[in-house]
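Trainee: quick check, what structure comes out for this input:
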Amino acid sequence: MKLATLRTDGTTKAVRLDGDVLVDLGFPDVGTLLAQDDWAALAAAPAGDATTYPAEGADLAPVVPQPSKVVCVGLNYRNHIQEMGRDLPEHPTLFAKFADSLIGATDDIVRPEETEQFDWEVELAVVVGKQVRRAKGEQAEQAIAGFTVLNDITTRDWQFRTREWLQGKTWDSTTPVGPYLVTPDELPGGVRPALDVTLTVDDEVMQSDNTGDLLFDPVALVEYVSTVIRLNPGDIIATGTPGGVGHARKPGRYLLGGEKVVTEIQGIGRLENKVVEEKQAR
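Mentor: Reported below is the predicted structural model:
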């Protein structure tokens, strides 16, 4: 299944993609749907006389608009670790984002006035489907509702002010996530998918890799993160980015405003966002 959160008539609705239409599932967003114990059965129910909307041109919100947490993983692709001049880690490198940083699949990315090093990062993101703590093996696998696309836009000059990365990673209205949550049964590799990931800036390919290159796969990340803190339905784990970020280029390349950034993952979908300066977004 492919699930999304649709904006319509001043509100939002959880919807399922059926062909070229979006079927209203009767919940205000995907996060609320995932909080139901039988969410998968509810999401798969026949459309019947449910309201439908055209999929083409749909205004999609972040697939989970208000997750209780967004946990991100740094340095999880071998080639990105190497381009950043670091050793392969023994454990996942974790940082967090806040829900206020999330935007929809075609929303504008707001470039803060305070940065001169605004960078891109295509990422496969795990969406959690049930509450777990210290999950292991099959329990961790079953906690994965599906996957979505995330662009971990980063202010590098703020990220590297200190050894902690949070201040570079969670600026307001900078992180596109969506367009759909795709359940593991639709993806090659299931809960450990092997998918091509790409990111382009004004149609120039900047990143291209496959999630099979992840050091810590989605199941391992659910196990690790849930050891530290309870994972709730709708929580998001961003699994890291491959090589090709602007900061690692010589000279560095950054988003200045006006660019079209397309973030795409095989079998899941694409985010297409314009970078706008903050003063233009007000």
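Trainee: residues in contact with R253?
Mentor: With contact set as C-beta atoms under 8 Å, 6 or more residues apart in numbering, R253 has these partners: G246. Yep, even glycine has a C-beta here, placed from its N, CA and C like the rest.
Trainee: is it in a helix, a strand, or coil?
Mentor: Here R253 is coil, with the state taken from DSSP: H, G, I helix; E, B strand; the rest coil.
Trainee: got a pLDDT number for it?
Mentor: Looking at R253, its pLDDT reads 97.
Trainee: ok, it to Q207 distance?
Mentor: Using C-beta to C-beta, to the nearest Å, R253 is found at 12 Å from Q207.
Trainee: at which residues are the helices of this structure located?
Mentor: Remark: helices assigned in the chain by DSSP state H are 30-34, 39-44, 78-83, 138-142, 156-159, 166-169, 218-228, 278-281.
Trainee: and those as a markdown table, adding mean neighbour count and distance to P112?
Mentor: Output for these, formatted as a markdown table (neighbours: other C-beta atoms under 10 Å; distance: least, C-beta to C-beta, whole Å):
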| stretch | mean neighbour count | distance to P112 |
| --- | --- | --- |
| helix 30-34 | 27 | 26 |
| helix 39-44 | 16 | 36 |
| helix 78-83 | 17 | 23 |
| helix 138-142 | 16 | 36 |
| helix 156-159 | 18 | 9 |
| helix 166-169 | 18 | 11 |
| helix 218-228 | 20 | 28 |
| helix 278-281 | 13 | 6 |
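Trainee: and of those helices, who's closest to L94?
Mentor: Among the helices of the chain, helix 218-228 comes nearest to L94, with 7.0 Å by C-beta to C-beta.
Trainee: may I have the distance across stretch 223-239, first residue to last?
Mentor: Distance across stretch 223-239, first residue to last, is 13 Å (C-alpha to C-alpha, to the nearest Å).
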